[in-house]
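Undergrad: Give me the fold of what follows.
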Amino acid sequence: MPDFIRNRNRPLRNVLRHGVTAAALCCIAGGVLPVARALDGAYDPANFAWQSGAFRHTDRMRAFRDFDRGSQSTPPVIPEFDADFDPSGAIATAQPEGPTQTSRNAFFADIGTNGRTCLTCHQPQNGWSVSAADVQARFRASYGADPIFRLVDGATCPSADVSNISAKRAAYSLLLNKGLIRIGLPVPASAEYRIVAVTDPYGCNTNPVTGLTSFGSAAPTMGIVSVYRRPLPSTNLGFLSAIMWDGREPSLTQQSIDATRGHAQAASDPTTAQQQQIVEFESGIFTAQIYDKKAKRLDAAGAKGGPDELANLLPGFFVGINDPLGGNPKGFAFTSTIFDLYQAWTNINGTGDVDAARQSVARGEVLFNTTPITITRVAGINDLPGLSSVSGFCGTCHDTPNVGNHSVKLPINIGIANGGPNNDNPGLDIADLPVFTLSCVSGPNAGNSYTVTDPGRALISGKCADIGKLKGPILRGLAGRAPYFHNGSAATLQDVVDFYNQRFNIGLTPAQMNDIAAFLATL
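TA: Below is the predicted model of the structure:
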């Protein structure tokens, strides 16, 4: 067994020194970075209206009691720089402000009632999210008692049977297979739509105790909609332009409250000091892939992989920094050259396995930046006046330089949230998700119907125009947090690339798709 594998729990700088390379790994040094500086803090009443309904739902779900009280291990310190193995190599986290003593930070504290902490669903080896493979390992190790396995949102429904190990596997199937957490949200009272039909394999939406109390065409929809989404990474947060997949949180501080009250089932809000500790920790960490099994060190030979360079980008970031629709507040033109991490590898001429892998990564970066894409049928872009067809690139949506998320609040639906026949999401696995049919009864879209596995932003805004729309996530640290998309419908990065190639008729060759997937795995 190589030293790199044998020394899994040692900091990457030591592992590399002994097992891969003799070069010392430099750590970040510097002053305090702004906390969550990317967020504009604009007050959106729709981002608050959902909270009371969601909290009431969480409180009612206490009727379904968890008898498992398994614990989780927490490292005593999160170092200034550390790394963990993931399927592609190793993923690293850096803290410019120095190490964190976990006993002194509420991110790692059990301040709820069900044994969970923020770390339960945000773990460093998964890029501060979760991966399905890691969840499965935790299930096996704990016999389903680990705190992530809680009825309130870890199960397909709080009423699910968990009386034995087989029942637990079924109850937590979406969490085990796709890393999905149940999100229960009320339908806005002012919604322009009605949910007229629901197909739910788990019965959670159709049971008035756990879901909708009224749906159909005859009356307004009332009650709770359960959708299933991947936990977003709690790292690199200074680059956010919207918080949560549907942008429902107005600030990281409010998100710390809502997560504690909801996921941890706390009886009261965390204290102001606890809120500050959570936000300061998650705003002060930067995470990216640092080592690839084939390409080896991702900051070698002039490359700029890893979290060090990522942290250095934050002082120059601002919302709209590369807005493709002309909204850059400083007036700079959009560029599709989103990533330049591996430009130096375009000049590699060697023929060895490592050189070949680095050449593939460099080609994939170029393809990401330059491949033309005709963007059609994307709600949030093509429904804008004069934009029914847009000549774009990967970076038209993934536009933040060297980060890859939206630099502005831009919820869109590229087909991933769609359900039913002709759903515009070729190759994606959505068969285990509920399907909702929404009929618009007011507003500019009145008379239209939509079939989706997730109503998206429309559950917050109530607008038909927002049905199925969700944000694009930060792309750094992808290799550690499979599967992909908000609903875990793409098992691998190769599946992600294949979806885009089919959905937008890009015409990539198999070799080109392999190169793009290799590049994405190094982010």
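
Undergrad: From now on I want contacts and neighbour counts done on CA atoms only, so please keep to that.
TA: Fine.

Undergrad: Okay, helices next: where are they in the stretch 351-500 of the chain?
TA: 353-370, 458-461, 493-503 (DSSP state H, counting those that start in this stretch).

Undergrad: Just give the closest residue to residue 329, not the sequence neighbours.
TA: Leaving aside its sequence neighbours, residue 329 sits nearest to residue 320 (Cα to Cα, 6 or more residues apart in numbering; 6.5 Å).

Undergrad: give me the number of residues near the one you found?
TA: 24 (other Cα atoms under 10 Å).

Undergrad: Next, the contact list for it, please.
TA: Listed by Cα atoms under 8 Å, 6 or more residues apart in numbering, the contact set of residue 320 reads 327-329, 407-408.

Undergrad: Report the residue spans of the stretch 1-150 of the chain with pLDDT below the cut-off.
TA: The model of the stretch 1-150 of the chain has pLDDT under 70 over residues 1-43.

Undergrad: for it, what spans make up the strands?
TA: Along the stretch 1-150 of the chain, counting by DSSP state E, counting those that start in this stretch, strands occupy 77-78, 81-86, 89-94, 100-101.

Undergrad: so which of those is the most packed in?
TA: strand 89-94 (a mean of 26; mean count of other Cα atoms under 10 Å).

Undergrad: So for residue 84, which of the helices of the stretch 351-500 of the chain sits nearest?
TA: Closest to residue 84 of the helices of the stretch 351-500 of the chain is helix 493-503 (Cα to Cα; 19.4 Å).

Undergrad: re earlier: which of the contacts of residue 320 ranks first by neighbour count?
TA: residue 407 (29 neighbours).

Undergrad: Could you find the closest non-adjacent residue to the spatially most central residue of the chain?
TA: Centroid-nearest residue in the chain: residue 232, 3.1 Å away (criterion: Cα atoms, centre = their mean). With sequence-adjacent residues excluded and distances taken as Cα to Cα, 6+ apart, residue 232 is closest to residue 129, at 5.9 Å.

Undergrad: Surely that neighbour and residue 123 touch.
TA: Yes: Residue 129 lies in contact with residue 123 (Cα atoms under 8 Å); the separation is 5.5 Å.

Undergrad: out of the two, which sits in the busier spot?
TA: Each of residue 129 and residue 123 has its neighbours counted (other Cα under 10 Å); residue 129 has more, 25 against 19.

Undergrad: So for stretch 335-346, first residue to last residue, what's the gap.
TA: Start-to-end span of stretch 335-346 (Cα to Cα, to the nearest Å) is 20 Å.

Undergrad: Could you pull out the buried residues of that stretch?
TA: 335-345 (16 or more other Cα atoms under 10 Å).

Undergrad: Adding pLDDT, secondary structure and distance to residue 451, write these out as CSV.
TA: Formatted as CSV, the buried residues of stretch 335-346 follow (pLDDT from 0 to 100; DSSP: H, G, I helix; E, B strand; the rest coil; distance: Cα to Cα, whole Å):
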residue, pLDDT, secondary structure, distance to residue 451
335, 96, coil, 35
336, 97, coil, 32
337, 98, coil, 35
338, 98, coil, 33
339, 98, coil, 35
340, 98, coil, 39
341, 98, coil, 39
342, 98, coil, 41
343, 98, helix, 43
344, 98, helix, 46
345, 98, helix, 45
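
Undergrad: which one of those residues sits closest to residue 93?
TA: residue 341 (17.3 Å).

Undergrad: Next one: residue 475 from residue 432, what distance?
TA: 25 Å.

Undergrad: about what we covered before: if we take the contacts of residue 320, which one ends up nearest to residue 512?
TA: Of all the contacts of residue 320, residue 512 sits closest to residue 407, with 26.6 Å by Cα to Cα.

Undergrad: wouldn't the closest one be in contact with residue 325 here?
TA: No: between residue 407 and residue 325 there is no contact under Cα under 8 Å: 10.9 Å.

Undergrad: what's the overlap in contacts for those two?
TA: Contact criterion Cα under 8 Å, 6+ apart; residues shared by residue 407 and residue 325: none found.

Undergrad: Contact partners for the residue nearest to residue 387 when sequence neighbours are not counted?
TA: Spatially, and ignoring its direct neighbours in sequence, residue 387 is nearest to residue 381 (6.7 Å; Cα to Cα, 6+ apart). Residues near residue 381 by Cα under 8 Å, 6+ apart: 387-388, 412.

Undergrad: Filter those down to the buried ones, ChimeraX style.
TA: In ChimeraX syntax, the buried subset of the contacts of residue 381 is picked out as below (16+ other Cα under 10 Å):
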select :412
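
Undergrad: Could I get the contacts of residue 381 in CSV, plus columns for distance to residue 453 and pLDDT?
TA: Shown next, in CSV, are the contacts of residue 381 (distance: Cα to Cα, whole Å; pLDDT from 0 to 100):
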residue, distance to residue 453, pLDDT
387, 26, 91
388, 24, 94
412, 15, 96
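
Undergrad: Residue 66: which of the contacts of residue 381 is nearest?
TA: Closest approach to residue 66 among the contacts of residue 381 (Cα to Cα): residue 412, at 36.6 Å.

Undergrad: How about the contacts made by the closest one?
TA: So residue 412 contacts 378-381, 466, 468-472 (Cα under 8 Å, 6+ apart).

Undergrad: can you rerun that using 10 Å?
TA: 246, 378-382, 397, 456-457, 465-472 (Cα atoms under 10 Å, 6 or more residues apart in numbering).

Undergrad: Adding distance to residue 493, write the strands of the stretch 1-150 of the chain out as JSON lines.
TA: Formatted as JSON lines, the strands of the stretch 1-150 of the chain follow (distance: least, Cα to Cα, whole Å):
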{"stretch": "strand 77-78", "distance to residue 493": "28"}
{"stretch": "strand 81-86", "distance to residue 493": "14"}
{"stretch": "strand 89-94", "distance to residue 493": "14"}
{"stretch": "strand 100-101", "distance to residue 493": "32"}
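
Undergrad: So which of the ones you listed is nearest residue 163?
TA: Going by Cα to Cα, the one of the strands of the stretch 1-150 of the chain nearest residue 163 is strand 81-86, 32.6 Å.

Undergrad: what do residue 129 and residue 123 both touch?
TA: Joint contacts of residue 129 and residue 123 (Cα under 10 Å, 6+ apart) are 233-234, 480-481.

Undergrad: hang on, the earlier thing: compare the helices of the stretch 351-500 of the chain and give me the one nearest residue 156.
TA: Ranking those by proximity to residue 156 (Cα to Cα) places helix 458-461 first, at 18.9 Å.

Undergrad: Output the closest one as CSV, restricted to C-alpha atoms.
TA: Included here for helix 458-461 are C-alpha records, laid out as CSV according to Å, rounded to 0.1, in the frame of the first residue of the first chain:
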residue,chain,number,x,y,z
ALA,A,458,-41.2,29.0,-7.1
LEU,A,459,-41.7,27.4,-3.6
ILE,A,460,-40.2,30.7,-2.2
SER,A,461,-41.4,33.4,-4.6
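
Undergrad: which regions of the stretch 351-500 of the chain sit below the pLDDT cut-off?
TA: For the stretch 351-500 of the chain, no range has pLDDT under 70.

Undergrad: Tell me which stretches of the stretch 151-300 of the chain form helices.
TA: Assigned by DSSP H, counting those that start in this stretch, the stretch 151-300 of the chain shows helices spanning 165-171, 173-178, 252-262, 272-283.

Undergrad: need these in JSON lines with mean pLDDT, can you?
TA: Converted to JSON lines, those look like this (pLDDT from 0 to 100):
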{"stretch": "helix 165-171", "mean pLDDT": "98"}
{"stretch": "helix 173-178", "mean pLDDT": "98"}
{"stretch": "helix 252-262", "mean pLDDT": "96"}
{"stretch": "helix 272-283", "mean pLDDT": "98"}
